[in-house]
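Undergrad: Need coordinates for the below:
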Amino acid sequence: MTAERTESTVHAPGGQQREFGGSSVSVVPARETAGPALPAGRRPVARPPSGLPLLTADGGAALLAVLVLTDDMTPGRPLMIAVLALAVAVLNARARLYRPPAVPAVLDELPAVCGRIVLGWCVLGAGVAAHSPDHALAAHELALGCALHSAAACIGRGTVHWHRRRALVRRPGAALVVGPAATAQRVAAAFLRHPGCGIRPVGVVADQAAGTEGLPVLTTPEEVRRAAVQNGVQAVLVVGSRTERAPLLRTLEDDGCALWEVDPETPSYDRDGSTELLAGFACRRLELTITHEAVGKRLLDVVVSGALLLLVSPLLLVCAVALRLGDGPGVVFRQERIGRDGLPFTLLKFRTHRPADAHEAATRWSVANDGEMGWFCRFLRRSSLDELLQLWNVLRGDMSLVGPRPERPYFVAKFGQTYPGYAARHRMRAGITGLAQVTGLRGDTSIEDRARFDNAYIDNWSLWQDLCILVRTAAALVRPTGS
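TA: Reported below is the predicted structural model:
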């Protein structure tokens with residue numbers, strides 16, 4: 001399989017070798033064997049470039065600067081080195097300077113690196129002055145330290161980037177281009193004409209070939225999977241809307257492919273800080289699977305939901321007893337909802353309405369204004385106290401505190417076919433509250449607007465945004481609203 005990595009792709013009609021953009025791509029037909037064309041297991045995940053060499057370069061630069069600036073008799077010299085290196089490393093990590101860019105270039109990151117080095121030396125100078133005023137660093141010493149540290153860091157980082165650029169030119173990573181066939185072929189041709197960007201398209205993923213010339217067009221998931229395995233695809237270039245291909249893109253991302261959103265229309269001078277220039281196109285790294293959610297968001301969910309369950313347990317008991325005495329047995333309402341990656345789970349709520357049958361429970365949109373509900377049930381719904389049991393769903397991991405609201409399978413299928421972007425909401429764990437809810441999109445409101453707000457929340461996720469939404473939710477609880 002590795003021998004075919006740089007030259008083979010999936011079967012195209014006629015099995016002919018095609019000349020495209022000055023690069024020939026040979027086509028390997030699918031093997032005619034009984035059973036699936038691909039092994040059942042996942043292909044080996046391609047490891048992204050490590051940030052350790054850049055971290056080592058920064059640490060070595062900090063060590064060199066402190067050693068030159070101080071002598072052996074300076075008190076706390078090892079501690080100074082550790083504090084400076086740690087401060088700069090933390091600042092660089094927050095700016096994602098240890099995530100190697102697609103095309104490494106030290107000049108592009110020079111302002112960010114030097115700015116954080118200056119801030120690190122300010123932290124070090126303040127710490128030394130507070131700990132040992134007699135040995136406080138003078139202004140000219142701080143300036144000299146910043147200059148030496150910046151120069152050493154740029155030399156080290158430049159060396160790392162130079163080696164990576166050479167490796168990219170010698171062994172460009174295979175890529176697939178996803179989008180309308182004609183536009184995708186044009187983007188693929190541009191990348192093939194600029195091998196220095198380290199990406200070499202080997203196929204186009206489109207709904208239909210549409211008579212285009214160029215790279216083989218892959219129209220089924222099986223063909224895409226075969227191309228990824230045979231060519232060792234490391235990157236996927238997404239042209240146009242990614243909503244319709246979201247499940248396939250998420251699968252490729254899980255297999256280790258880097259996803260890039262390519263805008264063939266936006267000029268390079270319109271780029272913002274989140275994009276890179278590849279083959280003359282403004283490209284932005286996509287993360288459909290929110291990896292940073294796994295630790296920070298989950299930790300927030302466990303801590304807050306566990307604490308709230310302890311605090312509101314007397315209130316939960318009161319609500320349960322009142323429902324049992326006023327409306328009979330069956331206090332807890334269980335319903336199947338669709339969560340992350342389209343997987344079902346059982347959502348818990350206090351029962352405020354008794355559906356006529358299972359079909360009504362699964363397909364009736366809202367009962368918020370049902371006159372048959374008792375006053376206490378209406379109070380629970382209007383105050384959202386009926387949702388408190390979902391804290392247990394959060395603690396179990398079925399849901400998150402903040403995220404897209406989960407919906408029933410019937411409506412997920414219906415809305416997924418009607419509203420673009422609705423299915424993309426399921427790339428994150430469902431939530432008790434979310435950006436759409438605190439913006440007023442609850443109850444019988446626009447599904448299209450909900451999907452847009454939910455996807456915007458996912459695309460710009462941060463722990464601070466979660467905290468802000470939780471605060472806004474707590475403030476909204478004092479106002480009566482429908483569910």
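
Undergrad: mind checking how far residue 329 is from residue 184?
TA: Counting by Cβ to Cβ, to the nearest Å, the separation of residue 329 from residue 184 is 59 Å. C-beta: built from backbone N, CA, C; applies to glycine.

Undergrad: Same drill for those two, tell me which one is more crowded.
TA: Set residue 329 next to residue 184 and count neighbours by other Cβ atoms under 10 Å: residue 184 wins out with 28 against 7.

Undergrad: Surely that one is in contact with residue 245?
TA: No: applying Cβ atoms under 8 Å as the test, residue 184 and residue 245 come out as separate, 11.5 Å apart.

Undergrad: hey, what's in contact with both of these two?
TA: Listed contacts common to residue 184 and residue 245 are 178, 205; contacts here mean Cβ atoms under 8 Å, 6 or more residues apart in numbering.

Undergrad: quick one, strands of the chain?
TA: Secondary structure of the chain (DSSP state E): strands located at 8-9, 18-20, 23-27, 173-178, 199-205, 217-218, 235-239, 258-263, 275-278, 281-286, 332-338, 344-350, 400-402, 431-433.

Undergrad: for the ones you listed, which one sits closest to residue 228?
TA: Nearest of these to residue 228, taken as Cβ to Cβ: strand 173-178 at 7.2 Å.

Undergrad: Can you give the strand pairings for the closest one, parallel or anti for each?
TA: strand 199-205 (parallel), strand 235-239 (parallel) (DSSP bridges).

Undergrad: The first one vs strand 258-263, what angle?
TA: Interaxial angle of strand 199-205 relative to strand 258-263 (axes from the mean of the first three to the mean of the last three Cα atoms, to 10 degrees): 80 degrees.

Undergrad: want to try CSV for the strands paired with strand 173-178, with distance to residue 415 and mean neighbour count as columns?
TA: Listed next are the strands paired with strand 173-178 as CSV, based on distance: least, Cβ to Cβ, whole Å; neighbours: other Cβ atoms under 10 Å:
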stretch, distance to residue 415, mean neighbour count
strand 199-205, 25, 27
strand 235-239, 23, 25
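
Undergrad: need these in CSV with distance to residue 135 and mean pLDDT, can you?
TA: Compiled in CSV, the strands paired with strand 173-178 are given as follows (distance: least, Cβ to Cβ, whole Å; pLDDT from 0 to 100):
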stretch, distance to residue 135, mean pLDDT
strand 199-205, 52, 90
strand 235-239, 51, 90
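
Undergrad: Turn the ones you listed into CSV, columns for distance to residue 191.
TA: Output for the strands paired with strand 173-178, formatted as CSV (distance: least, Cβ to Cβ, whole Å):
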stretch, distance to residue 191
strand 199-205, 5
strand 235-239, 7
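
Undergrad: Which of the ones you listed sits closest to residue 179?
TA: Residue 179 sits nearest to strand 235-239 of all the strands paired with strand 173-178, at 3.0 Å, using Cβ to Cβ.

Undergrad: Would you mind getting the angle between that closest one and strand 281-286?
TA: Angle, strand 235-239 to strand 281-286, by the same axes, to 10 degrees: 120 degrees.

Undergrad: what about the residue lying closest to residue 81 once chain neighbours are set aside, how many residues close to it?
TA: Leaving aside its sequence neighbours, residue 81 sits nearest to residue 66 (Cβ to Cβ, 6 or more residues apart in numbering; 4.7 Å). Residues contacting residue 66 under the criterion other Cβ under 10 Å number 23.

Undergrad: for residue 253, same thing?
TA: By other Cβ under 10 Å, neighbour count at residue 253 equals 18.

Undergrad: That one contacts residue 247, doesn't it?
TA: No: contact criterion Cβ under 8 Å: residue 253 and residue 247 do not qualify, at 10.7 Å.

Undergrad: residues in contact with residue 426?
TA: Residue 426 sits next to 338-342, 404 when contact means Cβ under 8 Å, 6+ apart.

Undergrad: What separation is there between the nearest residue to residue 350 once chain neighbours are set aside and residue 460?
TA: Closest residue to residue 350 apart from its sequence neighbours, by Cβ to Cβ, 6+ apart: residue 386 at 4.2 Å. Remark: distance between residue 386 and residue 460 (Cβ to Cβ) = 30 Å.

Undergrad: quick one: which of those two has more around it?
TA: Taking other Cβ under 10 Å, residue 386 and residue 460 do not tie; residue 386 has more neighbours (22 against 9).

Undergrad: Verify the stated contact: that one with residue 380.
TA: Yes: if you go by Cβ under 8 Å, residue 386 and residue 380 touch, sitting 4.2 Å apart.

Undergrad: and for these two, which residues touch both?
TA: Contacts common to residue 386 and residue 380, judged by Cβ under 8 Å, 6+ apart, are 350, 352.

Undergrad: quick one, what contacts the closest residue to residue 221 other than its chain neighbours?
TA: Spatially, and ignoring its direct neighbours in sequence, residue 221 is nearest to residue 248 (6.0 Å; Cβ to Cβ, 6+ apart). Applying Cβ under 8 Å, 6+ apart, one finds that residue 248 lies in contact with 178, 205, 221, 224.

Undergrad: if you set the cut-off to 10 Å instead, what comes out?
TA: Contact analysis of residue 248 by Cβ atoms under 10 Å, 6 or more residues apart in numbering lists 176, 178, 205, 221, 224-225, 236, 242.

Undergrad: With residue 345 instead?
TA: So, once contact is read as Cβ under 10 Å, 6+ apart, residue 345 ends up touching 335-339, 393, 396-399, 406, 429-430.
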